[in-house]
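Peer 1: Got a sequence here, can you build the structure:
(chains A and B)
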Amino acid sequence: MKIDVHAHLMPDWHESERALLEGAERYGIDRYYVSALDGTVFFPNEEQIASYNAAMYDFMRREPELIRGYCYVNPCNRDVFDVLRRGHDAYGMSGVKLWVACFCDDPRVYPIVEYCIENDWPILMHSFHKAVGQLPYETTGPHVAALAKRYPEAKLIMAHLGANCYHGIRAIEAYPNVMVDCSGTIFRRDDIDYTVERLGARRVMLGTDMPSPGCMLTNYGQLLEAELTTEERELIAWKNAVRIFDNVEE
Amino acid sequence: MERWDCNVLVGHWPFRYLRKNTLADLRELHKAHDITGGIIASLDAVFYNDPLEGDRLLARQLAGTSYRLAATINPKLPALEENVEAAVSLGAAAVRVYPGIHGYALDDEEFLRLCGLLEEKGLPLFLTMRMEDIRLEYLFHTEPVSLEPLENVAARFPALRIVLLSAFNHELEALLPWLRGAENVFFDTCGLKYDLFTVERALEAFGKEHIVFGSQWPLNCFTSTWLKVEEARCSDEERTAVYQNFAKLL
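Peer 2: The predicted structure is shown next:
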């Protein structure tokens, strides 16, 4: 079984829907957790956020077995709680997605985290440390660590292993409420081994960043090649996701 | 049936610990995936002030195996002709260059002199676009390799087989349409990492004649690239060509 905890809808929505569905059929993906966003819009306004989440809900309705949605939030907007309540109460979404509008430990994120704790929602945070091209408010591992320290009850997911895992994983290692996903186009041979050695397999989840720029085969290939037991591989491929999102221990 | 991996290395990488990095590790991995041989370069030689020191050590290891040496040459170092002769005497199947690390462009005088020498000797040129994703660099910055001069290089040395290693899909697409008609230019598979179904898209765009299987193990995860070739929706003839085009290089 495979559960991808980090996929996207991007404009053209229908094209990315088609790609995700084809990916599921070809690669045996049993469930996706998806956020709808526009990769060219770093600071979406209220109208944009509303349209992205509406597109996400539309896909969820049509593919209820395969697709679960994240509620994408820009913490800098004034209607954050309207967005959260609509995502939770009306849309039945499964968690919150934060991207690059502000760092994840910005005080404007705190009320979002508190809402998520009350509603048992995990928070997926784009986290990407780069040697070149770092965006002005792009979260990295230390930001995630600061948030985790402040909110030990929160279910936090650091995306992409923090990109450079040697930077991201060390930052959050001490915070057991931080899970990580391995999504993205970086596919170093040792990244999963290193991450499991530092965190343990129960804190790692399979993600892909599909349909763009990522591919299931990239990250699943890493899972297959890493020196793991069958149980560790299964934890990462799907069991941890079921525990985090459904509160079921398989 | 022979199936080769034309982009593999053994040795040490100074920026991180490689859990699997020996010829024995590589042979075990390749055997498990029906890869029967390959063209291997020395990771150590990349940073040696005299790369030949690393090549000699690796050549000794490869004796009697189905693997061939890709000798490392930095054309900015003295004794270029002697280094090419040394590569020949070591039985190298190719010469591998690292312009982004060693600091030169593809219209550099010494690089062009190397191209001429390799054309005379009938040795292919393996041109490394990148060893790791530039976003992950630690301590040491490499320059991006511009492929703008490549068309002129390929035309000037029509008998020189040039293999682009770890070129991204969009970098290759920028070389259309001339690359499709360039009989002496090839590219490997490990850079085809952005978005979905990249191998079949490359086959469609460039034809099966230009693509060689290359993983850039152990820096990259071999299985990620292997899965993309194995799972590509293409004909058996096309897939076989990817694994067997290495023969055109020898």
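Peer 1: max-length helix in chain A?
Peer 2: Taking residue count as the measure and DSSP state H as the definition, the longest helix of chain A comes out as helix A:46-62.
Peer 1: So which bits of that one are buried?
Peer 2: Residues of helix A:46-62 classed as buried by neighbour count (16 or more other CB atoms under 10 Å in any protein chain shown): A:48-50, A:52-53, A:55-60. The way it works is simple: take the backbone N, C-alpha and C, and place the C-beta from them, glycine included.
Peer 1: Alpha carbons only: can I get that helix in CSV?
Peer 2: Coordinates of the C-alpha atoms in helix A:46-62 are reproduced here as CSV (Å, rounded to 0.1, in the frame of the first residue of the first chain):
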residue,chain,number,x,y,z
GLU,A,46,-8.2,35.9,0.3
GLU,A,47,-10.0,35.4,-3.0
GLN,A,48,-7.1,33.2,-4.4
ILE,A,49,-7.1,31.1,-1.2
ALA,A,50,-10.8,30.6,-1.4
SER,A,51,-10.6,29.5,-5.1
TYR,A,52,-7.8,27.1,-4.5
ASN,A,53,-9.5,25.4,-1.6
ALA,A,54,-12.8,25.3,-3.5
ALA,A,55,-11.0,23.5,-6.3
MET,A,56,-9.5,21.1,-3.8
TYR,A,57,-12.9,20.4,-2.3
ASP,A,58,-14.3,19.8,-5.8
PHE,A,59,-11.7,17.1,-6.5
MET,A,60,-12.2,15.5,-3.1
ARG,A,61,-16.0,15.2,-3.7
ARG,A,62,-15.4,13.5,-7.0
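Peer 1: next one: it to chain centre, how far?
Peer 2: Taking CA atoms, centre = their mean, to the nearest Å, one finds helix A:46-62 lying 17 Å from the centre of the chain it belongs to.
Peer 1: same question, stretch B:140-159
Peer 2: Distance, stretch centre to chain centre, for stretch B:140-159: 14 Å (CA atoms, centre = their mean).
Peer 1: so for that stretch, what's the average pLDDT?
Peer 2: Computed over stretch B:140-159, the mean pLDDT rounds to 96.
Peer 1: Quick one: the strands in chain A, in order.
Peer 2: Per DSSP state E, chain A carries strands over the ranges A:3-9, A:31-36, A:67-72, A:95-98, A:123-125, A:156-158, A:178-181, A:204-205.
Peer 1: of the buried residues of helix A:46-62, closest to chain B?
Peer 2: The shortest gap between chain B and any of those belongs to A:Phe59, at 17.1 Å (CB to the nearest CB).
Peer 1: The closest one contacts A:Trp13, doesn't it?
Peer 2: Yes. Here A:Phe59 lies in contact with A:Trp13, judged by CB atoms under 8 Å, at a distance of 7.4 Å.
Peer 1: Now the common contact residues for these two.
Peer 2: Here A:Phe59 and A:Trp13 have A:Ala36 as joint contacts, going by CB atoms under 8 Å, 6 or more residues apart in numbering or on different chains.
Peer 1: hang on, the earlier thing: give me the contact list for the longest helix of chain A.
Peer 2: Under the contact criterion CB under 8 Å, 6+ apart, helix A:46-62 has outside partners A:9, A:13, A:17, A:34-38, A:41, A:44, A:67-74, A:77-79, A:83, A:86-87, A:90-93.
Peer 1: Many thanks, we can stop here.
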